[in-house]
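*Asks:* sequence first, predicted model second:
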Amino acid sequence: MNYKRYKHMEISEIGMGCYALSGAYGHVDSRAYREVLEHACELGVNYFDTAQSYGKIAERTLGEVTKAFREEVCISTKIGMKDGIKPLLSYDHVVDACDRSLKTLGTDYIDFYLVHYADPSTPIQETVNALGDLKGDGKIVEYGLSHLSMENVQGYIDKGDPGIAMMELSAVARTSRDELLPIYVKNNIGSVAFSVTGRGILTGNYGKDSVFQKGDIRNMDPLFHRTRLESALRVVERLKELGRKYDKTPVQMAIRWVLSQPGVVTALTGPSKKEHLEENSGASGWSINKEDLRALDEFLGKEDEYLARKEPLVIKEIVTSPLQEDINQALSDLVYSLECAVTSKIATEKEILPVFYNLLELKKSGDISLSELTRMQSSIRKILL
Ligand SMILES: NC(=O)c1ccc[n+]([C@@H]2O[C@H](COP(=O)([O-])OP(=O)(O)OC[C@H]3O[C@@H](n4cnc5c(N)ncnc54)[C@H](OP(=O)(O)O)[C@@H]3O)[C@@H](O)[C@H]2O)c1
């Protein structure tokens, strides 16, 4: 395992996250996951990520696994949600949430404490004050930023002193490379990339007919549907081809591509199987040569152009045609239209978030009807067209 010096630590190029313990990728046995975390330590992984919203089991399991050698690992956890899906970043909530995370993790400091989501109801300055005080008290070493818009990121940089940034970045999720990464590089803020395997798609193990467990986020994740999936499968083929030259698997090529982006400190994956973790760790300690990187970037640039042409048409079709009768399909199509509208710059995150949260709440309530979704489709149409 290779390491990069960043802030107070030498950080492993490959990091490990605990998102799967929330059930995001279907049911995961926490005892089995603990063994994967232990195996990560054996492989030299020393960056571990979790979040309050992944459930107490995630922070507790990570804390227990790393307790005996706490100072040798770097732990990030995140705040920003209260009671499920509503964002909250008030001073009191941030301070209380930190105390709770410290208790659940069984540690007296958090290396990187991250703002998970934006809270439009709290001024950034108020959140920054809370984070600054936690830093002053030694409860956190640095604070950082995660799922935030460029506008919010700039707000935190102007008003505060974020020490790290986390972003989705993979060969099939490239927006942050062009938009967020340059801002962080300019401000000397190191970046942690997540979902670098594209939630598994870059392994080549998934295709058009893949079926996921109930509750698996990939049932609704645009990457696994429509034009995005089509493009992702072409990326996998390209990585397979290049991998033959390096004797690496497509996912190892994909992770190495992420690690070759300027400013990326570590690449997080979150497998629940030891053999997957071993494969991902094999992306450390070598590099893709400049010429191959350039050719790969050129290929990915063409995929960007393809998506820029095709996505607006798909979005229009989703919001103007009758919804599919299967509720889950209809829901996944609406999510597709919203998420892709942001990446295609048809709408801003601020514009789509209220309706996005409504959709999630509706899903969580389990009480979804096609007529309700058709009403939501009409609100979405007004925003997007
Ligand atoms: N800041 C944020 O908002 C945010 C959002 C998402 C994630 N994260 C953090 O980043 C971490 C990593 O993201 P992620 O969990 O989305 O990572 P990921 O590794 O891209 O996705 C995990 C999924 O991919 C599969 N997978 C991974 N490597 C594989 C391999 N070599 N072969 C076959 N399947 C493989 C896993 O399957 P198996 O379970 O079968 O191994 C699992 O279903 C998270 O755990 C979390 O800590 C942060």
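*Replies:* That came in fine, so what should we check first?

*Asks:* residue contacts, residue 193?
*Replies:* Contact criterion Cβ atoms under 8 Å, 6 or more residues apart in numbering gives 166, 167, 168, 169, 170, 258, 261, 264, 266, 267, 268 as the residues in contact with residue 193. To be clear about C-beta, it is placed using only N, CA and C from the backbone, and glycine gets the same treatment.

*Asks:* now the closest residue to it other than its chain neighbours: how far from the ligand?
*Replies:* Closest residue in space to residue 193, ignoring its immediate chain neighbours: residue 169 at 3.9 Å, by Cβ to Cβ, 6 or more residues apart in numbering. Residue 169 sits at a distance of 11 Å from the ligand (criterion: Cβ to the nearest ligand atom, to the nearest Å).

*Asks:* residue of the stretch 151-300 of the chain closest to the ligand, please.
*Replies:* Closest approach between the stretch 151-300 of the chain and the ligand, counting by Cβ to the nearest ligand atom: residue 270, at 2.6 Å.

*Asks:* what about that residue, how many residues close to it?
*Replies:* Using other Cβ atoms under 10 Å as the criterion, residue 270 is surrounded by 27 other residues.

*Asks:* next, the nearest residue to it once chain neighbours are set aside: phi, psi?
*Replies:* In space, not counting the residues next to it along the chain, residue 270 is nearest to residue 17; the distance is 4.1 Å by Cβ to Cβ, 6+ apart. Backbone torsions for residue 17, taken as degrees, to the nearest 10, come to phi -110, psi 160.

*Asks:* hey, where'd the helices end up in this protein?
*Replies:* With DSSP state H applied, the chain shows helices at 30-42, 56-66, 91-105, 124-136, 150-159, 175-178, 180-186, 226-246, 250-259, 274-281, 290-320, 327-343, 349-365, 370-384, listed in chain order.

*Asks:* report the distance from the first one to the chain centre.
*Replies:* Going by Cα atoms, centre = their mean, to the nearest Å, the spacing between the C-alpha centre of helix 30-42 and its chain's C-alpha centre is 21 Å.

*Asks:* which strands or helices does it pack on?
*Replies:* Contacting helix 30-42 under the criterion 3 or more Cβ pairs under 8 Å, 6 or more residues apart in numbering; DSSP states H and E are the following elements: strand 14-17, helix 56-66, helix 274-281.

*Asks:* just these: most buried one?
*Replies:* When these are scored by mean count of other Cβ atoms under 10 Å, the highest mean neighbour count falls to strand 14-17 (a mean of 26).

*Asks:* what comes up buried for stretch 227-242?
*Replies:* 227, 228, 229, 231, 232, 235, 236, 238, 239, 240, 242 (16 or more other Cβ atoms under 10 Å).

*Asks:* gap between the closest residue to residue 341 other than its chain neighbours and residue 240?
*Replies:* The shortest distance from residue 341 to any non-neighbouring residue, by Cβ to Cβ, 6+ apart, is to residue 347 (4.4 Å). In this view, residue 347 and residue 240 are 35 Å apart by Cβ to Cβ, to the nearest Å.

*Asks:* for residue 332, same thing?
*Replies:* 27 Å.

*Asks:* okay, whatever residue of the stretch 1-150 of the chain ends up closest to the ligand: pLDDT?
*Replies:* Ranking the residues of the stretch 1-150 of the chain by distance to the ligand (Cβ to the nearest ligand atom) places residue 17 first, at 2.0 Å. On pLDDT, residue 17 comes in at 97.

*Asks:* how close does it sit to residue 3?
*Replies:* When distances are taken as Cβ to Cβ, residue 17 and residue 3 turn out to be 18 Å apart.

*Asks:* and for residue 79?
*Replies:* Computed as Cβ to Cβ, the residue 79 to residue 3 distance reads 27 Å.

*Asks:* residue 201 now?
*Replies:* With the distance defined as Cβ to Cβ, residue 201 ends up 28 Å from residue 3.

*Asks:* those two: who's more crowded?
*Replies:* Each of residue 201 and residue 3 had its neighbours counted (other Cβ under 10 Å), and the higher figure belongs to residue 201 (29 against 16).

*Asks:* tell me the bridge partners for the residue of the stretch 1-150 of the chain closest to the ligand.
*Replies:* In this entry, residue 17 is beta-bridged to residue 49, by DSSP bridges.

*Asks:* likewise for residue 75?
*Replies:* Here residue 75 sits in beta bridges with residue 48, going by DSSP bridges.

*Asks:* that one reaches residue 108, doesn't it?
*Replies:* No: with contacts defined as Cβ atoms under 8 Å, residue 75 does not count as touching residue 108, sitting 11.6 Å away.

*Asks:* which of those two has more neighbours?
*Replies:* Comparing residue 75 with residue 108 by neighbour count (other Cβ under 10 Å), the higher total belongs to residue 75, at 23 against 10.
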